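Undergrad: coordinates only, sequence not included:
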């Protein structure tokens with residue numbers, strides 16, 4: 001199954017870690033949404049203990065991310081699964097709803113099959129993110145060489161959400 005990741009799972013190290021998919025996610029390519037989206041932190045991520053990323057329709061431009069190919073058994077929640085699945089990690093049905101998203105690769109080509117992502121289920125405002133979470137987003141954006149202007153947009157979104165991260169962000173400038 002093709003999954004578009006735009007938040008902390010941009011980092012293939014995080015997504016493929018032992019605590020997550022244990023090497024079962026394969027990068028297909030960098031992609032962007034075909035419609036404008038706004039990157040923000042509208043979900044309380046209980047696992048992370050801070051606000052988690054989301055993309056909401058109607059932003060200043062496309063949202064960028066990575067399409068991963070993930071085996072279906074590592075996507076769907078299974079009550080008896082002996083390993084984490086994306087639905088469990090994303091708390092699908094509570095924090096996010098998994099569903100299709102219209103994306104294209106850097107060169108404008110569209111994927112041959114449906115791409116899914118995790119859409120914030122009940123977006124909230126006023127939630128604050130933290131560095132231990134944000135660093136995965138920024139390192140993943142750099143790892144996959146997302147456009148420089150989009151990487152700056154992500155930094156700006158972090159600053160708007162939590163101004164106390166200014167010094168840490170300055171020290172981490174590429």
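TA: That came in fine, so what should we check first? Model, not experiment: these values are computed from the prediction. Residues are numbered from 1 along each chain as shown.
Undergrad: Now do the strands in this protein.
TA: If DSSP state E is used as the criterion, the strands of the chain fall at 2-5, 26-33, 37-45, 50-57, 64-69, 96-100, 103-105, 115-120.
Undergrad: Of the ones you listed, give the one that comes closest to residue 78.
TA: Evaluated over these, closeness to residue 78 peaks at strand 96-100, with 14.2 Å, by Cβ to Cβ. All C-beta atoms are positioned from the backbone trio N, CA, C, and that covers glycine.
Undergrad: Bridge partners for residue 98, pull those for me.
TA: Taking DSSP bridges as the rule, residue 98 bridges to residue 118.
Undergrad: Check whether it really touches residue 89, as I assumed.
TA: No - using Cβ atoms under 8 Å, residue 98 is not in contact with residue 89; the gap is 11.2 Å.
Undergrad: one step back: for residue 149, which of the strands of the chain is the nearest?
TA: Among the strands of the chain, strand 64-69 sits nearest to residue 149 (Cβ to Cβ), with 9.7 Å.
Undergrad: orientation of that closest one relative to strand 37-45 in degrees?
TA: Taking axes from the mean of the first three to the mean of the last three Cα atoms, to 10 degrees, one finds that strand 64-69 is oriented at 70 degrees with respect to strand 37-45.
Undergrad: need the helices for this protein, in chain order.
TA: With DSSP state H, the ranges of helices along the chain come out as 12-15, 86-89, 131-143, 148-161, 166-171.
Undergrad: Would you convert the ones you listed into a markdown table that also reports distance to residue 102 and mean pLDDT?
TA: Output for these, formatted as a markdown table (distance: least, Cβ to Cβ, whole Å; pLDDT from 0 to 100):
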| stretch | distance to residue 102 | mean pLDDT |
| --- | --- | --- |
| helix 12-15 | 22 | 97 |
| helix 86-89 | 20 | 95 |
| helix 131-143 | 21 | 97 |
| helix 148-161 | 18 | 97 |
| helix 166-171 | 31 | 86 |
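Undergrad: can you pull the buried residues of stretch 163-174?
TA: 165, 169 (16 or more other Cβ atoms under 10 Å).
Undergrad: which residues sit against that stretch?
TA: Surrounding stretch 163-174, the residues in contact under the criterion Cβ atoms under 8 Å, 6 or more residues apart in numbering are 130-131, 134-135, 138, 142, 151, 155, 158-159.
Undergrad: 6 Å instead, please
TA: Applying Cβ atoms under 6 Å, 6 or more residues apart in numbering, the external contacts of stretch 163-174 come out as 131, 155, 158.
Undergrad: Can you get me a residue count around the second one?
TA: For residue 155, the number of neighbouring residues by other Cβ atoms under 10 Å comes to 20.
Undergrad: if we can go back for a sec, mind putting the strands of the chain into TSV with mean neighbour count, distance to residue 14 and mean pLDDT?
TA: Converted to TSV, the strands of the chain look like this (neighbours: other Cβ atoms under 10 Å; distance: least, Cβ to Cβ, whole Å; pLDDT from 0 to 100):
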stretch	mean neighbour count	distance to residue 14	mean pLDDT
strand 2-5	24	10	98
strand 26-33	18	13	98
strand 37-45	22	13	96
strand 50-57	22	12	98
strand 64-69	24	12	98
strand 96-100	16	16	98
strand 103-105	18	20	98
strand 115-120	21	14	98
